[in-house]
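Colleague: Got a predicted structure plus its sequence, pasted below:
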Amino acid sequence: MERKEESLEVSRKKSELIPSNQEKMLFWKTRIVNLSNILVDHINRFGFCVIDHFLGAILCSHVLREVNSRNTTTESPGIKRLLMIMDCLMKQSSRLGLDIPGFGGSRRHVRINDTSPEDGSEMEVCDPNTALTATLFLSQDDQGGIQLHPLLKENTMATIPPAMDRVVFFPTQKVTCTTLTSKTPGLSMTVSYLGKEPGT
């Protein structure tokens, strides 16, 4: 009898530690509001935004496993959730007055970047109409990362080292992004958002 009571108590404690779907939704709803405030403030003041611990350790690890899988698609559960969070963040930021000329908030390109130690080139812009780019680091190293420069200018805005679950947002029409050399390969994901089409 005592053993049954102990097992019931243990199962109760475990269930209390696992958040319900409603609690998860409330958490992300609140977090997206907080993150959008940070994103809008930093883009408007500094021209870019860096957020650490963007997804949280569990979801970020899930995304990393899927990226390393041969069958990765935008419908993979972890990546699909990442994109949903990104899309909600863009919509909320747009409502708060994200100051990017022509920003329309529509997601266009998703790319996995497997950075080699020989890199040190300008990051490819997928579409000339891209208004905003977000790069999520999925590896960590003391070297490498990315460097942001104002468009058509030589000075450096920021040098951002890679850190697991660190995301960098920058307006593609104002900022160029260069991948820096590193002794070890790096891994990241880039999500691009298009500007408004002419006449919209």
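Modeller: Yep, that arrived.
Colleague: Per-residue pLDDT of the residue nearest to Thr73 when sequence neighbours are not counted, please?
Modeller: Excluding the flanking residues, the one nearest Thr73 by Cβ to Cβ, 6 or more residues apart in numbering is Ile79, at 7.4 Å. For every residue, glycine as well, the C-beta is placed using N, CA and C. For Ile79, the pLDDT comes out at 94.
Colleague: Please report the distance of Ile79 from Val33.
Modeller: 23 Å (Cβ to Cβ, to the nearest Å).
Colleague: Please identify which of these two sits among more neighbours.
Modeller: Ile79 (20 against 13; other Cβ atoms under 10 Å).
Colleague: and the more buried one, what does it touch?
Modeller: Contacts for Ile79 (Cβ atoms under 8 Å, 6 or more residues apart in numbering) come out as 63, 66-67, 72-73, 110, 189.
Colleague: So what does it have for phi and psi?
Modeller: phi -70, psi -40 (degrees, to the nearest 10).
Colleague: before we move on, what about Thr176?
Modeller: For Thr176, the backbone dihedrals (degrees, to the nearest 10) come out as phi -100, psi 150.
Colleague: What segments of the chain are strands?
Modeller: 49-51, 103-115, 130-137, 146-150, 158-160, 167-171, 175-179, 186-195 (DSSP state E).
Colleague: Show me what the third one is packed against.
Modeller: On a contact count with 3 or more Cβ pairs under 8 Å, 6 or more residues apart in numbering; DSSP states H and E, strand 130-137 meets helix 77-95, strand 103-115, strand 167-171, strand 186-195.
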